[in-house]
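A.B. asks: model this:
(one chain, ligands or ions: 1)
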Amino acid sequence: MKHIIVLVSGGGTNLQALIDQQEQGNIKNGKISCVISSNPDAYALQRAEKHGIKSRVLPRKEFQNNHDYSLALLDLLREEQADLIVLAGFMIILDAELIRAYENRIINVHPALIPSFCGDGFYGLHVHEKALEKGVKLTGATVHFVSEICDGGAIILQKAVEIQKGDTPEILQRRVMEQAEWKILPQAVSLFCEDRLQIENNHVWITE
Ligand code: GAR
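C.D. replies: Here you go, the predicted structure:
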């Protein structure tokens, strides 16, 4: 069983999707062994508690910069014997040292079809604001490995979602979560735990 560590900062609906799929037996060969939050008030922490999952808090505000934060986080991840790290609404850009220590073992869910609406400054609701501003007809979500380039790592799964007349950023965010994020994140986590993701030249192939 692989130890899955989920990093969160906020509401934790993606964490909830992972917990639900785990409880339905759909995360093969892996178990969420710890949730780590950068925010002591994150609702995600309550979700973990309700389902008997260990959680730890490493408050971002106790650190001067992302580098120092990442080093402290690295210690926690080692203590927790992480096999897979899942960024599920984790709002901190991790330092290169941590990313290198867990190369191809960190996955992130991003609320757009990468390479659209991604990179520095594209997080949370802003991503949907930008998609609506541009007038795209399709957006969606991407699950990808984390590399030193922000939102630039190898893509594991993507799912498209249609924009509808009258969408606000909040309405669109919800549809992208329901139709895409909550489906492809647990799928990607299970594929990883089953050793079915093969990475070659920044491309991911899913094996049978
Ligand atoms: C999700 O939409 C996730 O894709 C996004 O923040 C939201 C967190 O929601 N993440 C990013 O924008 C990272 N670049 P949640 O806390 O309810 O899972």
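A.B. asks: and the longest helix anywhere in the chain with the ligand, contact?
C.D. replies: The longest helix of the chain (DSSP state H) is helix 66-79. No. If you take CB under 6 Å from any ligand atom as the test, helix 66-79 misses the ligand, and the best it gets is 14.0 Å. Bear in mind the C-beta positions are built from the backbone N, C-alpha and C, glycine included.
A.B. asks: where exactly do the strands run in the chain?
C.D. replies: Under the criterion DSSP state E, strands of the chain are mapped to 2-8, 30-37, 55-57, 84-87, 106-110, 138-145, 155-162, 197-200, 203-206.
A.B. asks: what's the closest of those to the ligand?
C.D. replies: strand 106-110 (4.6 Å; CB to the nearest ligand atom).
A.B. asks: so the closest one versus helix 66-79, what angle?
C.D. replies: 120 degrees (axes from the mean of the first three to the mean of the last three CA atoms, to 10 degrees).
A.B. asks: Which neighbours in the sheet does strand 106-110 have, and how are they oriented?
C.D. replies: Partners of strand 106-110 in the sheet, by DSSP bridges, are strand 84-87 (parallel), strand 138-145 (antiparallel).
A.B. asks: For those strands, give me JSON lines that also has distance to the ligand, mean pLDDT and mean neighbour count.
C.D. replies: Listed next are these as JSON lines, based on distance: least, CB to the nearest ligand atom, whole Å; pLDDT from 0 to 100; neighbours: other CB atoms under 10 Å:
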{"stretch": "strand 84-87", "distance to the ligand": "7", "mean pLDDT": "98", "mean neighbour count": "24"}
{"stretch": "strand 138-145", "distance to the ligand": "6", "mean pLDDT": "98", "mean neighbour count": "23"}
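A.B. asks: Throw the ones you listed into CSV and include distance to Trp205, thanks.
C.D. replies: Shown next, in CSV, are the strands paired with strand 106-110 (distance: least, CB to CB, whole Å):
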stretch, distance to Trp205
strand 84-87, 18
strand 138-145, 13
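A.B. asks: and the nearest residue to Ala112 once chain neighbours are set aside, what is it in contact with?
C.D. replies: Sequence neighbours aside, Val127 is the residue nearest to Ala112 in space, at 5.0 Å (criterion: CB to CB, 6 or more residues apart in numbering). Counting by CB atoms under 8 Å, 6 or more residues apart in numbering, Val127 touches His110, Pro111, Ala112, Phe117, Cys118.
A.B. asks: farthest-separated two in these?
C.D. replies: Farthest apart among the contacts of Val127 by CB to CB are Pro111 and Cys118. That separation is 9.4 Å.
A.B. asks: How far does stretch 83-102 stretch from one end to the other?
C.D. replies: End-to-end distance for stretch 83-102, by CA to CA, to the nearest Å: 9 Å.
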